[in-house]
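Peer 1: Structure of the sequence below:
(one chain, ligands or ions: 1)
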Amino acid sequence: MTNQNVVVADSNSGLNLAITVHVTNSSIFTTAAQKPPAAPGGYISISRKKLLKNLEINGGARINAWVDSMRASSPTHIKSTPSVNEDQSSWIVHHPSALEMFEQIIDASKGKQIVMFLDYDGTLSPIVDDPDKAFMSKQMRATVRKLARFFPTAIVSGRCRDKVYNFVRLAELYYAGSHGMDIKGPAKGSKYKKGGDGVVFQAASEFLPMIDEVYEELVEKTKTTPGAKEENNKFCLSVHYRCVDEKKWSGLAQVVKSVLKEYPKLRLTQGRKVLEIRPTIKWDKGKALEFLLESLGFANCTDVFPVYIGDDRTDEDAFKVLRERGQGFGILVSKIPKDTSASYSLQEPTQVMDFLRRLVEWKRLAFQGRSRVV
Ligand SMILES: O=P(O)(O)OC[C@H]1O[C@H](O[C@H]2O[C@H](CO)[C@@H](O)[C@H](O)[C@H]2O)[C@H](O)[C@@H](O)[C@@H]1O
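Peer 2: Numbers count the residues shown, from 1 in each chain. I've put the predicted structure just below:
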């Protein structure tokens with residue numbers, strides 16, 4: 001039996017009645033959900049057809065909201081109309097290009113230790129249809145390698161930590177996988193490495209069996225949706241719909257939501273054409289950033305300058321933490337205006353690479369200058 005609270009307009013009394021609808025295989029009956037306004041005995045009389053219609057409308061509205069949000073999460077076409085162009089200009093005023101503001105950024109970091117946090121997909125690698133082929137370029141890898149020589153550097157990703165490591169393949173970095181729920185310090189070669197084997201932190205270990213179970217169930221239940229692809233990110237899951245026909249999005253969202261009904265300890269969020277499932281624990285990329293700063297010995301320091309670069313909704317948690325701390329800043333990678341707590345913007349991964357290269361170059365020159373003076 002499933003129960004659902006609904007509000008039904010009663011044509012006899014003219015009142016809105018709050019009721020609970022109980023649906024079993026053979027019957028539908030109702031009881032008052034709250035204090036019944038005018039229904040003797042807590043029961044009201046309503047036709048089965050009318051009730052089913054009502055349930056459909058309520059459930060349908062929720063799914064439609066999800067589908068709208070799925071569409072908005074990564075627009076396929078960038079519109080160019082006068083009002084869109086105006087929005088774009090006003091957004092750029094509030095989130096100027098980090099490349100154009102480079103000098104100001106450097107000035108703000110003077111005397112402080114810059115610590116770099118980099119998201120992976122859409123930040124270091126371009127967004128592609130097949131998540132298993134989201135490779136970063138050799139040039140980007142070389143740039144991140146140089147960056148890590150001058151600044152402590154962490155990759156913070158929604159992906160499973162091992163998978164993102166296999167894409168980046170730089171042992172000298174910190175890695176925070178599964179949206180920050182799985183953190184590991186540098187394996188070797190970093191002067192910023194702390195302690196013996198480096199930090200290891202897993203925020204959601206007890207969820208592993210549940211995540212595996214839900215993954216299997218989702219793979220099975222989405223078999224009939226061409227293009228849908230599940231990714232097991234160890235402490236969280238992704239259901240990709242980038243290659244699913246838009247007409248099937250609503251059905252896919254329904255399947256995912258119906259599976260999750262049985263798992264109240266998991267929640268559903270959205271990224272770029274991906275539904276993300278993760279534990280309801282209070283841990284996100286923002287918490288991972290704080291944890292890493294602490295591990296690096298910068299917990300209560302005023303002379304640290306964290307810079308977080310990311311393109312997705314989950315990166316907003318980290319942008320917010322930086323705003324709240326009043327330290328460093330966030331850079332959103334986006335070609336279109338988005339609601340964000342980041343301070344600056346870059347349009348795409350190639351611009352991210354240009355920005356990182358400038359940082360490396362600036363630091364290299366600063367080092368040379370210092371050694372000349374000495
Ligand atoms: O935090 P991130 O590193 O940005 O991870 C978020 C999701 O990234 C990946 O999906 C995204 O990139 C794919 C490859 O370009 C693209 O096909 C997909 O549409 C994007 O959503 C990753 O595959 C997901 O598991 C992550 O949740």
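Peer 1: So which bits of the stretch 101-250 of the chain are right by the ligand?
Peer 2: Residues of the stretch 101-250 of the chain lying close to the ligand (C-beta under 6 Å from any ligand atom) are 119-122, 127-129, 131, 134, 157-159, 231, 233, 238, 240, 242. Placement of C-beta: from N, CA and C, glycine included.
Peer 1: out of the residues you listed, which are buried?
Peer 2: Using 16 or more other C-beta atoms under 10 Å as the burial test, these include 119-122, 127, 131, 134, 157-159, 231, 233, 238, 240, 242 as buried.
Peer 1: ok, of the residues you listed, which one's closest to residue 309?
Peer 2: residue 119 (6.5 Å; C-beta to C-beta).
Peer 1: Check the spacing between the closest residue to residue 328 other than its chain neighbours and the ligand real quick.
Peer 2: In this structure, residue 328 finds its nearest non-sequential neighbour in residue 306, 3.8 Å apart by C-beta to C-beta, 6 or more residues apart in numbering. According to C-beta to the nearest ligand atom, to the nearest Å, residue 306 and the ligand sit 17 Å apart.
Peer 1: List of residues touching the host helix or strand of residue 306?
Peer 2: In the assignment (DSSP states H and E), residue 306 maps to strand 304-310. Residues outside strand 304-310 that contact it (C-beta atoms under 8 Å, 6 or more residues apart in numbering) are 108-109, 112-119, 122-123, 156, 285, 289, 293, 298, 315, 318-319, 322, 325, 327-333, 342, 346, 352, 355.
Peer 1: 7 Å instead, please
Peer 2: Strand 304-310 is contacted from outside by 109, 112-119, 123, 289, 293, 298, 315, 318-319, 322, 327-333, 352, using C-beta atoms under 7 Å, 6 or more residues apart in numbering.
Peer 1: do the same with stretch 151-158
Peer 2: Stretch 151-158 is contacted by residues 114-120, 144, 147, 164, 168, 173-177, 179-180, 192, 233, 236, 238, 271, 276, 285, 288-289, 292, 296, 314, 318 when judged by C-beta under 7 Å, 6+ apart.
Peer 1: what do you get for stretch 332-344?
Peer 2: Identification of contacts with stretch 332-344 by C-beta under 7 Å, 6+ apart yields 75, 78, 87-88, 91, 95-98, 101, 122-123, 309-311, 316, 319-320, 323, 329-331, 345-348, 352.
Peer 1: what are the phi and psi values for residue 157?
Peer 2: For residue 157, the backbone dihedrals (degrees, to the nearest 10) come out as phi -140, psi 160.
Peer 1: One more: residue 302?
Peer 2: phi -100, psi -10.
Peer 1: how many neighbours does the residue nearest to residue 328 have?
Peer 2: By the measure other C-beta atoms under 10 Å, the count of residues near residue 306 is 28.
Peer 1: thinking again about what came up before, beyond the strand holding residue 306, next helix or strand please.
Peer 2: As assigned by DSSP H and E, the chain's next helix or strand after strand 304-310 is helix 316-325.
Peer 1: on contacts alone, who are the packing partners of that following helix?
Peer 2: helix 285-295, strand 304-310, strand 329-333 (3 or more C-beta pairs under 7 Å, 6 or more residues apart in numbering; DSSP states H and E).
Peer 1: okay, the strand holding residue 306 in CSV with CA atoms only?
Peer 2: Output in CSV follows, covering the C-alpha atoms of strand 304-310 (Å, rounded to 0.1, in the frame of the first residue of the first chain):
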residue,chain,number,x,y,z
VAL,A,304,46.2,31.4,2.7
PHE,A,305,44.6,32.2,-0.6
PRO,A,306,42.5,29.3,-1.9
VAL,A,307,41.4,29.4,-5.5
TYR,A,308,38.7,26.9,-6.6
ILE,A,309,37.9,26.4,-10.3
GLY,A,310,34.7,24.5,-11.3
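Peer 1: Can you pick out the ones from the contacts of stretch 151-158 that are in helices?
Peer 2: Residues of the contacts of stretch 151-158 located in helices (DSSP state H): 144, 147, 164, 168, 285, 288-289, 292, 318.
Peer 1: with those residues in mind, which one is nearest to residue 205?
Peer 2: If you rank the ones in helices among the contacts of stretch 151-158 by distance to residue 205 using C-beta to C-beta, residue 288 comes first, at 15.3 Å.
Peer 1: which stretches of the stretch 151-300 of the chain have low pLDDT?
Peer 2: By pLDDT under 70, the low-scoring segments of the stretch 151-300 of the chain are 189-198.
Peer 1: just to revisit the earlier point, quick one: pLDDT of the residue nearest to residue 328?
Peer 2: On pLDDT, residue 306 comes in at 98.
Peer 1: what do you get for the one 3 residues further on?
Peer 2: Confidence at residue 309, expressed as pLDDT, is 98.
Peer 1: Which secondary structure element is home to the nearest residue to residue 263 once chain neighbours are set aside?
Peer 2: Take residue 263 and drop its neighbours on the chain: the residue closest to it by C-beta to C-beta, 6+ apart is residue 214, 6.1 Å away. For residue 214, the host element (DSSP H and E) is helix 208-221.
Peer 1: Could you double-check that residue 303 lies in contact with residue 110?
Peer 2: No: the criterion here is C-beta atoms under 7 Å, and residue 303 misses it with residue 110 at 10.1 Å.
Peer 1: Between these two, which has more neighbouring residues?
Peer 2: Set residue 303 next to residue 110 and count neighbours by other C-beta under 10 Å: residue 303 wins out with 10 against 7.
Peer 1: How many residues are close by the closest residue to that one other than its chain neighbours?
Peer 2: Spatial nearest neighbour of residue 303, excluding adjacent residues (C-beta to C-beta, 6+ apart): residue 112 at 4.7 Å. Applying other C-beta under 10 Å, we find 16 other residues in the vicinity of residue 112.
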